[in-house]
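Undergrad: Just the structure for this:
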Amino acid sequence: MLQPRTKVAIFSLFLVLWSSPPVTESAIGVNWGTISFHRLRPSTVVDLLQQNRVQKVKLFDADPGALRALEGSGIEVMVGIPNEMLAVLGSSSVASDLWVRQNVSSFVGKGGVAIRYVAVGNEPFLSSYAGQFQNYVMPALLNLQQSLAKANLAGYVKLVVPCNADAYEADLPSQGAFRPELTQILTQLVSFLNSNGSPFVVNIYPFLSLYGSSDFPQDYAFFEGTTHAVTDGGNVYTNAFDGNFDTLVAALTKLGYGQMPIVIGEVGWPTDGALSANLTAARAFNQGLINHVLSNRGTPLRPRVPPMDVYLFSLVDEGAKSVLPGNFERHWGIFSFDGQAKYALNLGMGNRLLKNARSVQYLPSRWCVADPSKDLSAVRKSHEACL
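TA: This next block holds a predicted model:
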């Protein structure tokens with residue numbers, strides 16, 4: 001048994017370590033979205049990840065085909081639960097037990113899938129949802145945590161809730177605070193995350209700030225210096241990413257969790273579909289972001305403590321996504337839909353350039369000639385107007 005003085009010394013050391021964010025090297029991962037008319041085979045995607053030495057991938061569901069392809073790869077995985085499933089998972093422990101058994105327990109283990117996180121919902125507090133999913137988040141989390149515990153996985157698989165950056169607001173980063181209507185539930189959420197050793201996951205998109213406001217300084221969206229730096233007391237912000245990140249840090253601090261680890265669940269830049277969406281801008285942003293994060297410089301409020309992990313959005317273009325937010329929605333990939341690199345990018349993992357997908361299966365080339373005698377108004381719905 002430890003002597004009392006020794007126990008006091010160890011407890012004091014624990015407090016010192018807990019009061020400071022852990023200094024760890026950040027990892028660059030990718031989001032693997034699958035809303036496409038022409039999906040790559042999951043095995044091809046996993047090979048693409050391995051070729052490019054990507055060690056972390058985030059899914060938006062728990063697609064069994066993707067998970068089977070990831071078996072034995074050693075790639076750490078975040079699986080996702082759609083917002084529409086939160087209500088049933090929060091109201092039924094039987095449903096949450098079944099979900100964990102089918103989508104986590106059956107895949108983890110020796111030679112299986114390294115599932116480390118379950119994303120419970122995707123941006124469920126988004127202001128445009130008007131609270132539609134808000135009340136289902138905590139019940140779902142509590143049931144799923146119990147289900148993981150029953151499966152003896154609670155210490156290995158962590159629950160997180162990816163949040164959109166519109167969950168917090170401020171004129172200056174140091175003034176960051178969660179939206180008033182979210183304060184209560186986010187206090188509960190952050191307490192839950194802290195108790196279970198989970199990070200806060202946030203999606204940050206400087207592109208959308210630029211796209212949504214003609215007054216937003218373009219150079220402030222990138223990492224190459226700006227003539228529009230933001231001065232916040234003694235801190236100076238030269239890019240929107242750091243300003244947004246520290247706004248979240250300030251909001252967490254107001255709740256008493258200023259040292260909580262933060263993961264960037266989504267961040268990226270599209271290559272088409274808007275005035276500022278092009279190959280040059282996408283490469284400049286993503287390479288600047290990677291270099292910035294891997295430099296371990298951190299931010300003014302967290303010097304030398306960058307995000308735990310950063311998941312680029314996204315791995316490949318998704319041609320079937322809705323363009324309601326903008327035509328750029330189908331062009332976020334660092335690879336085209338068929339796994340071909342769109343521009344030179346160094347992910348900081350040993351390869352200086354991206355490597356293309358191998359063994360891609362293409363459909364045979366076919367020609368379709370319009371028949372002028374047919375009504376072409378229905379050509380999008382059928383091929384009857386084709387000879």
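
Undergrad: Strands of the stretch 51-200 of the chain, residue ranges please.
TA: With DSSP state E, counting those that start in this stretch as the definition, the stretch 51-200 of the chain shows strands at residue ranges 56-59, 76-81, 114-120, 158-160, 163-164, 168-169, 177-178, 200-203.

Undergrad: how about those strands in TSV, adding distance to A277 and mean pLDDT?
TA: The way it works is simple: take the backbone N, C-alpha and C, and place the C-beta from them, glycine included. Output for the strands of the stretch 51-200 of the chain, formatted as TSV (distance: least, Cβ to Cβ, whole Å; pLDDT from 0 to 100):
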stretch	distance to A277	mean pLDDT
strand 56-59	22	98
strand 76-81	25	98
strand 114-120	26	98
strand 158-160	29	98
strand 163-164	19	98
strand 168-169	25	98
strand 177-178	30	98
strand 200-203	17	98
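
Undergrad: Looking at those, which is nearest to Y129?
TA: strand 163-164 (9.6 Å; Cβ to Cβ).

Undergrad: so what secondary structure elements neighbour that closest one?
TA: strand 200-203 (3 or more Cβ pairs under 8 Å, 6 or more residues apart in numbering; DSSP states H and E).

Undergrad: The spatially closest residue to I185 that is not a sequence neighbour and L345, how far apart?
TA: In space, and not counting its chain neighbours, I185 is closest to Q134: 6.2 Å by Cβ to Cβ, 6 or more residues apart in numbering. Q134 sits 37 Å away from L345 when distances are taken as Cβ to Cβ, to the nearest Å.

Undergrad: again with N278
TA: Relative to L345, and taking Cβ to Cβ, N278 is found at 15 Å.

Undergrad: Tell me which of the two has more neighbours.
TA: When N278 is set against L345 and neighbours are counted by other Cβ atoms under 10 Å, the residue ahead is L345, at 20 against 17.

Undergrad: follow-up on the earlier one: the residue nearest to I185 and L182: what is the separation?
TA: Q134 sits 8 Å away from L182 when distances are taken as Cβ to Cβ.

Undergrad: now do G111
TA: In this structure, G111 lies at 41 Å from L182, with Cβ to Cβ as the measure.

Undergrad: neighbour-wise, which of these two wins?
TA: When G111 and L182 are compared on other Cβ under 10 Å, the one with more neighbours turns out to be L182, at 20 against 6.

Undergrad: In contact with the more buried one, which residues?
TA: Under the criterion of Cβ atoms under 8 Å, 6 or more residues apart in numbering, the neighbours of L182 are 125, 134, 167.

Undergrad: how close does the second one get to A250?
TA: When you say that, I think you mean Q134. Separation of Q134 from A250 (Cβ to Cβ) stands at 22 Å.

Undergrad: Please apply the same query to the last one.
TA: Distance, A167 to A250, by Cβ to Cβ: 13 Å.

Undergrad: List the residues that are in contact with both of those two.
TA: What both A167 and A250 touch, as defined by Cβ under 8 Å, 6+ apart, is an empty set.

Undergrad: which residues in the stretch 201-350 of the chain form strands?
TA: Using DSSP E, counting those that start in this stretch, the strands assigned to the stretch 201-350 of the chain run over residues 230-232, 235-237, 262-267, 298-299, 302-303, 309-312.

Undergrad: With mean neighbour count added, can I get the ones you listed in JSON lines?
TA: Putting these into JSON lines (neighbours: other Cβ atoms under 10 Å) gives the following:
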{"stretch": "strand 230-232", "mean neighbour count": "16"}
{"stretch": "strand 235-237", "mean neighbour count": "17"}
{"stretch": "strand 262-267", "mean neighbour count": "25"}
{"stretch": "strand 298-299", "mean neighbour count": "21"}
{"stretch": "strand 302-303", "mean neighbour count": "14"}
{"stretch": "strand 309-312", "mean neighbour count": "25"}
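
Undergrad: Tabulate the ones you listed (TSV), appending mean pLDDT.
TA: Converted to TSV, the strands of the stretch 201-350 of the chain look like this (pLDDT from 0 to 100):
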stretch	mean pLDDT
strand 230-232	98
strand 235-237	98
strand 262-267	98
strand 298-299	98
strand 302-303	98
strand 309-312	98
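
Undergrad: With respect to L315, which of the strands of the stretch 51-200 of the chain lies nearest?
TA: With Cβ to Cβ as the criterion, L315 lies closest to strand 56-59 of those, at 7.7 Å.

Undergrad: For the stretch 151-300 of the chain, just list every one of the helices.
TA: Counting by DSSP state H, counting those that start in this stretch, the stretch 151-300 of the chain has these helices, from start to end: 183-195, 206-212, 240-254, 279-294.

Undergrad: Could I have the CA atoms of the second one written out in CSV?
TA: Taking Å, rounded to 0.1, in the frame of the first residue of the first chain, the C-alpha atoms of helix 206-212 are listed here in CSV:
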residue,chain,number,x,y,z
PRO,A,206,-13.6,28.7,-43.5
PHE,A,207,-14.8,28.2,-47.1
LEU,A,208,-18.4,28.5,-46.0
SER,A,209,-17.6,31.8,-44.2
LEU,A,210,-16.1,33.1,-47.4
TYR,A,211,-18.9,31.8,-49.6
GLY,A,212,-21.6,33.2,-47.3
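
Undergrad: What helices and strands are in contact with it?
TA: By 3+ Cβ pairs under 8 Å, 6+ apart, helix 206-212 packs against helix 240-254.

Undergrad: quick one, the helix it packs on and helix 183-195 angle?
TA: Helix 240-254 runs at 90 degrees relative to helix 183-195, counting by axes from the mean of the first three to the mean of the last three Cα atoms, to 10 degrees.

Undergrad: Quick check: A154 touching V118?
TA: No - counting by Cβ atoms under 8 Å, V118 is not a contact partner of A154; they are 11.0 Å apart.

Undergrad: which regions of this protein lie under the pLDDT threshold?
TA: Along the chain, segments meeting pLDDT under 70 span 1-25, 378-387.
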